[in-house]
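Engineer: Sequence plus predicted model, see below.
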Amino acid sequence: MARVIVSGSVAYDRIMDFDGLFAEHFVPDKLHSINLSFQIKQLSVGFGGTAGNIAYNLALLSVQSDIIATVGEDFSSYRSHMLLSGIVPNSIRTLEGEMTSSAYVFTDKADNQIAAFHMGAGGYSYDSPVDTEGRDLAIVAPGCIEDMKNLPELYRKRGFSFLYDPAQALTALSGEDLRAGMTGAKVLFGSDYEFGLMAQKTGWIENAMLERVPTLVITLGAEGARVVTREGEVRVKATPVKDSSDPTGAGDAFRAGFIKGMLTGMSLESCAKLASTVAAYTVEAYGTQTHKFTLDELKARFKGAYGESLAL
């Protein structure tokens, strides 16, 4: 079985749905003094975090994960969930006296989001050895900022393949951090907005990024994704969804699908199609680790969306 190192956050998710539009409640000339309270339609407490979500989807794809993250003394229910989901949490560090990270995500009916994140134990750097022997590749996803700075350098020194995904951590990373983090990565992930922010902070447009990273994967929400390389660009449409219940975690599922495609030796275009197919399951489910699929179901959905057979 393929084995991937997944660093990032492991968090409890508090996901709240607002049955309206945030934009309708902002007063343009009062944005300097916002004071709002929203009536929430639905609330759930689930298991999430970037590393947790990626590992969950990789397990559905028959890929084993070593999770590089620090959790708190309240981790026991999440640990049980991981074991039931086929994830071995042995590499996770537990810190007594701290609480596991928690995400608070508000989503309106147009899938606009407002989020807050309490790092808790996840804010402490991972001080245990990271074993790359026998592992296939790593992904550096948003989590402890010190880990996001240190791990790319560790992987570069060892000549170990890694993917870089700064996403939600962009506001906490400097331009220098981002330039160092992406240099030498095999793939750089981000949404269209996040790539704009990366360009602003680093001073590098896409062509400059491609001098350091051979592949840029730019997600476009319901419009699909762009895969940009030094040779050119392909666009992949999004897999149709039956119901857009909750977009939270779709990006992490997309990363897991892309990784599975890479491990299988697919073309970058096919990797993006597989990534979009995996992400569709998350969008249709409320919560980030509540969806399930078999490989046969995944193959059928892939063929229905793209008219191609999926070899896994």
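Structural biologist: Thanks, I have it. Residues are numbered from 1 along each chain as shown.
Engineer: could you pull out the strands for the stretch 1-150 of the chain?
Structural biologist: 3-7, 11-17, 42-48, 64-68, 70-71, 93-94, 101-107, 113-118, 137-140 (DSSP state E, counting those that start in this stretch).
Engineer: can you put these in JSON lines and add distance to Ala55, mean neighbour count and mean pLDDT?
Structural biologist: Yep, even glycine has a C-beta here, placed from its N, CA and C like the rest. Converted to JSON lines, the strands of the stretch 1-150 of the chain look like this (distance: least, C-beta to C-beta, whole Å; neighbours: other C-beta atoms under 10 Å; pLDDT from 0 to 100):
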{"stretch": "strand 3-7", "distance to Ala55": "5", "mean neighbour count": "24", "mean pLDDT": "99"}
{"stretch": "strand 11-17", "distance to Ala55": "13", "mean neighbour count": "22", "mean pLDDT": "89"}
{"stretch": "strand 42-48", "distance to Ala55": "10", "mean neighbour count": "17", "mean pLDDT": "89"}
{"stretch": "strand 64-68", "distance to Ala55": "4", "mean neighbour count": "23", "mean pLDDT": "99"}
{"stretch": "strand 70-71", "distance to Ala55": "13", "mean neighbour count": "28", "mean pLDDT": "98"}
{"stretch": "strand 93-94", "distance to Ala55": "15", "mean neighbour count": "16", "mean pLDDT": "98"}
{"stretch": "strand 101-107", "distance to Ala55": "15", "mean neighbour count": "21", "mean pLDDT": "89"}
{"stretch": "strand 113-118", "distance to Ala55": "18", "mean neighbour count": "14", "mean pLDDT": "86"}
{"stretch": "strand 137-140", "distance to Ala55": "10", "mean neighbour count": "26", "mean pLDDT": "99"}
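Engineer: Nearest to Gly224, out of the ones you listed?
Structural biologist: Smallest distance to Gly224 across the strands of the stretch 1-150 of the chain (C-beta to C-beta): 19.2 Å, for strand 113-118.
Engineer: other SSEs contacting that closest one?
Structural biologist: Helices and strands touching strand 113-118, by 3 or more C-beta pairs under 8 Å, 6 or more residues apart in numbering; DSSP states H and E, are strand 101-107.
Engineer: quick one: strands adjacent to the strand it packs on?
Structural biologist: strand 11-17 (parallel), strand 113-118 (antiparallel) (DSSP bridges).
Engineer: now for those strands, which one comes closest to Val88?
Structural biologist: strand 11-17 (18.9 Å).
Engineer: Throw the strands of the stretch 1-150 of the chain into CSV and include distance to Ala300, thanks.
Structural biologist: Converted to CSV, these look like this (distance: least, C-beta to C-beta, whole Å):
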stretch, distance to Ala300
strand 3-7, 25
strand 11-17, 29
strand 42-48, 27
strand 64-68, 25
strand 70-71, 36
strand 93-94, 39
strand 101-107, 29
strand 113-118, 30
strand 137-140, 27
